[in-house]
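**Student:** need a structure here:
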Amino acid sequence: MKGAKSTSKRAEPKLSVKKGAAAATKGRKPTKKAAKDPNKPKRPASAFFVFMEDFRKQFNKENPNNKAVSAVGKAAGEKWKSMTEADKAPFVAKAEKRKIEYEKNMKAYNKRQADGPAAEEDGSEKSMSEVNDEEEGDEDGSGEEDDDE
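**Tutor:** Numbers count the residues shown, from 1 in each chain. Prediction:
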């Protein structure tokens with residue numbers, strides 16, 4: 001009986017995974033995740049992460065043998081919590097500047113998207129072909145213009 005129980009335990013997870021996968025797709029249309037636009041501006045860092053940029057450098061100088069990322073994060077979190085609002089002010093100000101810049105970039109990005117993303121794609125493909133043509137001409141030592149004449 002012990003052998004029967006152990007084989008049933010092994011078989012059950014495999015069956016449950018198959019059932020779960022089949023049940024998850026059954027009745028639903030498969031959806032594809034939209035591709036992320038590489039031209040979209042990145043979100044700005046919060047005040048804590050602006051603080052972390054400086055703290056990480058300082059911490060690594062003081063503790064050169066430390067290889068754990070978690071130790072840096074824990075130490076930074078403890079220091080951030082112990083800081084007063086006046087101590088945090090420069091980091092908050094930097095974060096606000098980055099946020100304002102991000103919002104400006106996002107407005108410009110959204111305007112470009114609304115004006116016509118198709119026009120940008122056509123232009124970029126055209127420029128890529130021009131770049132490729134130039135590279136091909138450079139490799140030969142003779143340009144394509146000589147072939148046309």
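
**Student:** Roughly how far does Lys81 sit from Asn105?
**Tutor:** Lys81 sits 32 Å away from Asn105, going by CB to CB, to the nearest Å. Every C-beta, even on glycine, is put in place using the N, C-alpha and C of the backbone.

**Student:** Compare the two (neighbour count), which wins?
**Tutor:** Asn105 (14 against 7; other CB atoms under 10 Å).

**Student:** How about the contacts made by that one?
**Tutor:** Neighbouring residues of Asn105 by CB atoms under 8 Å, 6 or more residues apart in numbering: Pro41.

**Student:** And for Lys42?
**Tutor:** Going by CB under 8 Å, 6+ apart, Lys42 touches Tyr102.

**Student:** Would you indicate which residues of whatever helix or strand Asn60 lives in are buried?
**Tutor:** Per DSSP states H and E: Asn60 is located in helix 47-62. Within helix 47-62, the residues scored as buried using 16 or more other CB atoms under 10 Å are Ala47, Val50, Phe51, Met52, Phe55, Phe59.

**Student:** surely the fourth one meets Gly77?
**Tutor:** Spelled out, it's Met52. No - using CB atoms under 8 Å, Met52 is not in contact with Gly77; the gap is 9.3 Å.

**Student:** and Glu53, how far is that from Ala34?
**Tutor:** From Glu53 to Ala34 the distance is 31 Å (CB to CB).

**Student:** can you check Phe91 too?
**Tutor:** Noted for Phe91: a distance of 34 Å to Ala34, by CB to CB.

**Student:** So between the two, which is more surrounded?
**Tutor:** More neighbours surround Phe91 than the other of Phe91 and Ala34, with 22 against 6 (other CB under 10 Å).
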